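Q: Prediction below, plus the sequence it came from.
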Amino acid sequence: RDLLLLLSEHGLTSIPIIDADGAVVDMCCDLDVVFLASVSDWDQAFAPLLSPPAAPGQSGHVTRLVTCSPTDTVHRIASKFALTKCSRMVVIDNERRAKSILSLQDLFTFLLPPSLLTPASPVQQQSAASAAPPPGAGASGA
């Protein structure tokens with residue numbers, strides 16, 4: 001419940017889950033909140049997040065956590081987004097402490113020119129529509 005309040009009060013879309021030593025062990029995002037709204041037992045729904053991670057090769061806690069380093073190249077980060085199909089990853093230091101959360105939108109903003117990222121205003125859309133030839137114009141009948 002505290003997590004839901006944090007996301008809501010601060011306008012966050014995700015928050016890292018850390019262990020007692022401050023190391024990132026998982027991440028909870030706005031889509032998890034949508035899931036939680038559909039369940040009646042919050043404690044049971046949160047149990048996987050609150051259980052300690054299983055040792056490698058053992059079944060148990062499943063994490064969707066994807067991380068990167070502050071020194072990773074843009075190419076490496078883009079590859080991680082593509083391979084994992086995630087929309088956010090936690091930037092961690094050598095002690096696995098969270099430094100930032102990087103979103104797919106952050107990557108788009110870095111890679112694409114601003115004109116491609118900003119939705120066209122209604123005036124721009126009207127101008128584009130009036131500049132377009134009427135349907136059927138320009139079609140050759142010969």
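A: That came through, no problem. As the structure is a computational prediction, the values presented were derived from the model and not from experiment.
Q: Who does residue 18 form a beta bridge with?
A: Beta bridges link residue 18 to residue 24, judged by DSSP bridges.
Q: wait, what's in contact with it?
A: Going by CB atoms under 8 Å, 6 or more residues apart in numbering, residue 18 touches 24-25, 97-98. Where C-beta positions appear, they are placed from N, C-alpha and C, glycine not excepted.
Q: Could you do residue 96 as well?
A: Neighbouring residues of residue 96 by CB under 8 Å, 6+ apart: 23-24, 67.
Q: That one sits in which helix or strand?
A: According to DSSP states H and E, residue 96 maps onto no helix or strand at all.
Q: tell me the SS of residue 101?
A: strand (DSSP: H, G, I helix; E, B strand; the rest coil).
Q: which ones are touching it?
A: 14, 16, 27, 88-91.
Q: Repeat the analysis, applying 10 Å as the threshold.
A: 12-16, 24, 27, 29, 88-91 (CB atoms under 10 Å, 6 or more residues apart in numbering).
Q: That one and residue 41, how far apart?
A: Residue 101 sits 28 Å away from residue 41, taking CB to CB, to the nearest Å as the criterion.
Q: Could you do residue 5 as well?
A: 19 Å.
Q: Let me know the closest of the contacts of residue 96 to residue 108.
A: Nearest to residue 108 out of the contacts of residue 96 is residue 67 (CB to CB; 19.7 Å).
Q: Give the burial count for that closest one, as a bare number.
A: Residues contacting residue 67 under the criterion other CB atoms under 10 Å number 16.
Q: hey, what's it bridged with?
A: Under the criterion used here (DSSP bridges), residue 67 is bridged to residue 90.
Q: Give me the pLDDT value at it.
A: Here, the pLDDT recorded for residue 67 equals 95.
Q: and the contacts of residue 96 as TSV, adding distance to residue 108?
A: Formatted as TSV, the contacts of residue 96 follow (distance: CB to CB, whole Å):
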residue	distance to residue 108
23	29
24	24
67	20
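Q: thinking again about what came up before, and the contacts of residue 101, which is closest to residue 75?
A: Closest to residue 75 out of the contacts of residue 101 is residue 89 (14.5 Å), distances taken as CB to CB.
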